[in-house]
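# My questions are about this predicted structure, shown below with the sequence.
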Amino acid sequence: MSDVLLSARDLTKRFTTAVPFGRKSEFTAVDGVSFDVRRGETLAVVGESGSGKSTSARIVAKLMEPSSGAVEFEGEDVTRATGARLARYRSDVQVVFQDPFSSLNPRHTVERILMAPLDYQRIPPPGGRRAYTKELMERVGLNPDHSQRYPAQFSGGQAQRIGIARALAVNPKLVICDEAVSALDVSVQAQVIELLLRLQRESGFSYLFIAHDLAVVRRIAQRVAVMSQGKIVEQGPCTRVFDDPHDPYTRTLLAAIPRINPEWDRRRRTATI
């Protein structure tokens, strides 16, 4: 079995927009993007807003069709998959979105939200709906007694845990995190990252982690691809890209990471001894 779980090859996405006097303008959001996601690893795709990273993720998730290029999953071309093959792919690949409240139906209870992927796939919940809901909630650190509550009754961090639990419901092989922690407070963000790492250790699935925060990427990813203006300008192991960036844009991103003043850090460490 190949070590590569998913391959994106020369993905391109063009959008056509209307301009005055009936003319049309074409905009290329993703331009010849290629990357691999290996089994059990986390590949982070980073870049500023508008770089094309989320569009690339949506193409991989089959939420958007590419203008050209291909997506292979476990060696099989799924770019134009339909019917049963598409349903199976959507079970193997799940998404955790940036804003949990906009991705969770406010009219549905947590139980109904978590069971929705299984209902779509016509998969009977192991042990029954109530028992499997409580199991999923416990896995992500939520109180299982709150399964009949609605999303608005949870904090932002708790709501994102619901989104993560929903993604895990069908035992995926790849989880796409599209800016999944960027809307959270720093302390909550750290807790969710630790949760994502623990779940990966327990289940062995892969992450495609979309982010703009390089400090978060360094904590969670083994490899990183840097995007700018729709193209990947650099990719490789995190240690190499962070310690020896080759592309000027990568160096600019790294220079923007906030750093503690060395003198402040020395005084803080001295004060705690």
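Great, that's in hand.
# Quick one: mean pLDDT for the longest helix along the chain?
For the chain, the longest helix by residue count, based on DSSP state H, is helix 186-203. Helix 186-203 shows a mean pLDDT of 93.
# Residues contacting the following helix or strand past it, please?
Downstream of helix 186-203, the first helix or strand assigned by DSSP states H and E is strand 206-211. Contacts to strand 206-211, defined as CB atoms under 8 Å, 6 or more residues apart in numbering, come from residues 5-6, 37-46, 53-54, 57, 60, 173-182, 196, 200, 217, 220-221. For the C-beta atoms, the positions are set from N, CA and C on the backbone; glycine is no exception.
# Enumerate the positions of the longest helix of the chain that are buried.
By 16 or more other CB atoms under 10 Å, the buried positions in helix 186-203 come out as 188, 189, 191, 192, 193, 195, 196, 199, 200.
# Columns distance to residue 153 on top of those, output as JSON lines?
Formatted as JSON lines, the buried residues of helix 186-203 follow (distance: CB to CB, whole Å):
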{"residue": "188", "distance to residue 153": "17"}
{"residue": "189", "distance to residue 153": "21"}
{"residue": "191", "distance to residue 153": "19"}
{"residue": "192", "distance to residue 153": "19"}
{"residue": "193", "distance to residue 153": "24"}
{"residue": "195", "distance to residue 153": "20"}
{"residue": "196", "distance to residue 153": "23"}
{"residue": "199", "distance to residue 153": "24"}
{"residue": "200", "distance to residue 153": "28"}
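# any idea which of the residues you listed is closest to residue 135?
Set against residue 135, the nearest of these by CB to CB is residue 199 (13.1 Å).
# ok, now which ones touch the closest one?
Each residue near residue 199 by CB under 8 Å, 6+ apart is listed here: 139, 140, 164, 168, 205.
# quick one: which of the residues you listed is most hemmed in?
residue 164 (24 neighbours; other CB atoms under 10 Å).
# Any of the contacts of strand 206-211 buried? List them.
Buried among the contacts of strand 206-211 by 16+ other CB under 10 Å: 5-6, 37, 39-46, 53-54, 57, 60, 173-181, 196, 200, 217, 220-221.
# hmm, back to that, out of the contacts of strand 206-211, list just those in strands.
5-6, 37-38, 42-46, 174-178 (DSSP state E).
# List just the nearest of these to residue 155.
Nearest to residue 155 among these, with distances taken as CB to CB, is residue 177, at 18.9 Å.
# who's in contact with that closest one?
Applying CB under 8 Å, 6+ apart, the residues near residue 177 are 95, 96, 196, 207, 208, 209, 210, 211.
# redo that, cut-off 7 Å
Counting by CB atoms under 7 Å, 6 or more residues apart in numbering, residue 177 touches 96, 207, 209, 210.
# give me the beta-bridge partners of it?
Bridge pairing for residue 177 (DSSP bridges) gives the partners residue 96, residue 209.
# any idea how far it is from residue 164?
Distance, residue 177 to residue 164, using CB to CB, to the nearest Å: 9 Å.
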